[in-house]
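> have a look at this prediction, sequence included:
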Amino acid sequence: MDEEHRNLSYYGICEFSEIIVFLKTMSRLVAEPPSKRLNFVVQTSSSFMNAAQIPMEMKDLSTVNDLRQFMLMRKLLPSDEYIFIHKQRIMRDQCSLRWHGVENGDYVYVFKGSVSQGGY
């Protein structure tokens, strides 16, 4: 049997067994792939700016907040609160487009509004 696919019972470890673990720290440098330019489309809702499709080009390490600020500075969006959605998930302001999985040709949807925590 392949050692990677054995159950703990194979080694005599069962319920109420005690296991002592020694952790060895290793410095692994995970190389991030270099930043790349993304071409994607920001689409507004039909009730907001008549379902406009705005072509965008930004670095994949840009944050959602960078996207928001860029669109506000260029007057592509009126000054207000917005929610950005990618693949049916609300995008976090401080996370990068790469973190959200935005790729070339993707659509990012923007809606007026904000997200609040908890409470009714």
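Structure received.
> next, Ser9: secondary structure please.
helix (DSSP: H, G, I helix; E, B strand; the rest coil).
> can you count the residues close to it?
10 (other CB atoms under 10 Å). The C-beta positions use only the backbone N, C-alpha and C, and glycine is treated the same way.
> check Leu97 too.
25.
> the one 4 residues further on too?
Using other CB under 10 Å, Gly101 is surrounded by 11 other residues.
> go on, Lys87?
Lys87, neighbours per other CB under 10 Å, totals 12.
> that one - nearest residue in space that isn't next to it in sequence?
Gly101 (6.9 Å; CB to CB, 6 or more residues apart in numbering).
> how much space between the closest residue in space to Leu97 that isn't next to it in sequence and Ser35?
With CB to CB, 6+ apart as the measure, Asp60 is the residue that lies nearest to Leu97, at 5.1 Å, once sequence neighbours are left out. Separation of Asp60 from Ser35 (CB to CB, to the nearest Å): 6 Å.
> now swap in Gly105 and tell me
For Gly105, the distance to Ser35 - CB to CB - is 18 Å.
> now do the same contact list for the residue nearest in space to the middle of the chain.
With distances taken as CA atoms, centre = their mean, His100 lies nearest the centre of the chain, 2.1 Å away. Listed by CB atoms under 8 Å, 6 or more residues apart in numbering, the contact set of His100 reads Val64, His86, Arg89, Met91, Arg92.
> what segments of the protein are strands?
37-44, 53-59, 82-86, 89-90, 107-112 (DSSP state E).
> closest to Leu23 out of those strands?
strand 89-90 (33.9 Å; CB to CB).
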